[in-house]
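Enquirer: Sequence first, predicted coordinates after that:
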Amino acid sequence: MKMKKIFFLLFFLLLVIHSNGQPKNLPGSYTISGHITNWNNKYIYWSCKGISFNRIWDSTIVKNNTFQFKGKLKEPANGFITTLKFGRLQNLEDSNVTQRLFIGSSDMSIELIPNNFQDAKLIGSIYQDEYDKLEKSKINLYKKITSLSNSYARINDQYLVAMKSGKDSFTLKLLNRQLDSVTERKDYFETKVTQIDKAFFDENPDSYITGFLLQSFYYNDFDLNKLNHYFNAMSAKNKEWEYGIKLKEAITKLAKGSPGGIASNFSGIDLNGDTISLAHFKGKYVLLDFWASWCIPCREGNPELIKLYYTYEKKGIEFIGIADDNGTEDKWKLAVVKDGINIWKQIIDYKIGDNYAVHSIPLQILIDKNGKIIGRFGAGGEPYENLSKRMEEVFGK
């Protein structure tokens, strides 16, 4: 037994020394050498993203508690090692799926323990080191968020039980206040995580990790000027990498739906069965409201939109609601009537949002008489609260 432990220790030390001593393998090639106990003569799988989102799939059989993956890269990549043959990408929190691994053209090593892949550390990748350092700075925040998420689930269960058992309104209100309090604290810590990531982007604009996080999670949080700033700060090489290309595509799409762009024409059938198009309103200001019946922030914002409509509709502006409710037309119609927003044009067609880079709702876009976009409020634009101020600037009080 002692001999086996000594053999493993020597094996792993050699891998580490080899990784640190030779950070570069053959041009564009990589090697991941690993050790795993109790998995001999079974398959283990590796998948990662390549250029233009082509995914690299690989598998190998574990022999003598060891395995190895080899391949070639045109750029850094990220992926997962797992024992799952199917559904690996739908079960990223499974105990036999690693955390996301960031690799480059180098020799790397990893030690895996069955049913505990999530704690595995990849050694020998400068990209993994950079990502791990960033994640370590957020670990205490993650713990607080997890704790609050668990508290929310527990209180919500109590709330549902209280509702079913016919508890008095005081009990329900008390539980509801507790839920609101937990949500508020959770939002606070999630905002702190976001602030750390954004500070990292500003300090490391040319990092592969910045490109990954921006394209995967954050580009909807920034307006056109900020996205252009990040793209322009990338090196020529990084701009040709997968996330540089995708960021440029996002910028191009967002430019079409941002101030200075010309609004794309569209047509649709309104609540009354009439065909309307944006072109019908040439010569008038138009506010496009992208929303959905299932979108709580959208519904909560409708009273303010109604107020703005009655304030400015006589000054030459049309409102057009564009709902992302395809397939649930009955719920859409019910929400329109219930919220009282049938006072302006309403159509249902989620595809229209593609021409305006609508990735999240609610979102409002203000268009002038000449069809030029002069305001974007929501994802990729100004805060929603600025809409009323912008309307006042255009039309006066």
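Expert: Right, received. Where do you want to start?
Enquirer: Who's the closest spatial neighbour of the residue nearest to the spatial centre of the chain, skipping the chain neighbours?
Expert: With distances taken as C-alpha atoms, centre = their mean, Phe217 lies nearest the centre of the chain, 3.1 Å away. Residue nearest to Phe217 in three dimensions, not counting chain neighbours: Asp197, with 8.0 Å by C-beta to C-beta, 6 or more residues apart in numbering. To be clear about C-beta, it is placed using only N, CA and C from the backbone, and glycine gets the same treatment.
Enquirer: just Ala233 next, same as before
Expert: Per C-beta to C-beta, 6+ apart, closest to Ala233 is Pro205, 3.4 Å.
Enquirer: how about the helices of the stretch 101-250 of the chain, start to end?
Expert: Secondary structure of the stretch 101-250 of the chain (DSSP state H, counting those that start in this stretch): helices at 126-136, 139-164, 169-203, 208-213, 224-233, 236-239, 242-256.
Enquirer: For the fourth one, name the packing helices and strands.
Expert: Which is helix 208-213. If contacts are counted by 3 or more C-beta pairs under 8 Å, 6 or more residues apart in numbering; DSSP states H and E, helix 208-213 sits against strand 101-103, helix 126-136, helix 169-203, helix 242-256.
Enquirer: okay, and the helix or strand of this structure with the least pLDDT?
Expert: helix 2-21 (a mean of 43; mean pLDDT, DSSP states H and E).
Enquirer: any idea of the mean pLDDT in the helix or strand just after it?
Expert: Moving toward the C-terminus from helix 2-21, the next helix or strand (DSSP states H and E) is strand 29-36. Averaging pLDDT along strand 29-36 gives 96.
Enquirer: Same check on stretch 84-96?
Expert: Rounded mean pLDDT across stretch 84-96 is 75.
Enquirer: Likewise for stretch 239-253?
Expert: 89.
Enquirer: contacts for it?
Expert: For stretch 239-253, the external contacting residues (C-beta atoms under 8 Å, 6 or more residues apart in numbering) are 49-53, 75-76, 208, 211-212, 214-215, 219, 224, 227-228, 230-231, 234, 238, 357.
Enquirer: need the contact list for the nearest residue in space to Asp119 that is not next to it in sequence.
Expert: Nearest residue to Asp119, sequence neighbours excluded (C-beta to C-beta, 6+ apart): Ile113, at 7.6 Å. Each residue near Ile113 by C-beta under 8 Å, 6+ apart is listed here: Ile36, Thr37, Asp119, Ala120.
Enquirer: repeat for Thr66
Expert: Contacts for Thr66 were tallied using C-beta under 8 Å, 6+ apart; they are Phe11, Ser33, Gly34, His35, Ile36.
Enquirer: So what sits opposite the last one in the bridge?
Expert: Listed by DSSP bridges, the beta-bridge partners for Ile36 are Leu112.
Enquirer: and it, how many neighbours does it have?
Expert: For Ile36, the count of nearby residues is 21 (other C-beta atoms under 10 Å).
Enquirer: OK, contacts around it?
Expert: Ile44, Val62, Asn65, Thr66, Phe67, Glu111, Leu112, Ile113, Pro114.
Enquirer: hmm, back to that, right, and the pair among the contacts of Ile113 with maximum separation?
Expert: Within those, Thr37 and Asp119 form the most distant pair, 14.2 Å apart (C-beta to C-beta).
Enquirer: circling back: distance of the residue nearest to the centre of the chain relative to Asn40?
Expert: Computed as C-beta to C-beta, to the nearest Å, the Phe217 to Asn40 distance reads 38 Å.
Enquirer: Equivalent analysis for Gln178, please.
Expert: 51 Å.
Enquirer: out of the two, which sits in the busier spot?
Expert: Comparing Gln178 with Asn40 by other C-beta under 10 Å, the one with more neighbours is Gln178, at 17 against 13.
Enquirer: Would you mind listing where this protein has pLDDT under the threshold?
Expert: Scanning the chain with the threshold set as pLDDT under 70 gives 1-27, 50-54, 87-92, 397.
Enquirer: circling back: ok, the contacts of Ile36 vs Tyr384, which is closest?
Expert: Leu112 (46.3 Å).
Enquirer: who's in contact with Phe69?
Expert: Thr31, Ile32, Gly34, Trp46, Asp58, Thr60, Ile81.
Enquirer: And Ser149, by the same measure?
Expert: Lys186.
Enquirer: for Ile103, same thing?
Expert: Counting by C-beta under 8 Å, 6+ apart, Ile103 has contacts Tyr30, Ile32, Cys48, Leu73, Pro76, Ala77, Asn78, Gly79, Leu122, Ser125, Tyr127, Gln128.
Enquirer: Buried only: go through these for me.
Expert: For those, a neighbour count by 16 or more other C-beta atoms under 10 Å gives the buried set as Tyr30, Ile32, Cys48, Leu73, Pro76, Ala77, Asn78, Gly79, Leu122, Ser125, Tyr127, Gln128.
Enquirer: could you redo these as CSV and give each row distance to Ser388?
Expert: Formatted as CSV, the buried ones among the contacts of Ile103 follow (distance: C-beta to C-beta, whole Å):
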residue, distance to Ser388
Tyr30, 54
Ile32, 55
Cys48, 47
Leu73, 50
Pro76, 45
Ala77, 46
Asn78, 42
Gly79, 46
Leu122, 50
Ser125, 49
Tyr127, 45
Gln128, 47
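Enquirer: Okay then, goodbye and thanks.
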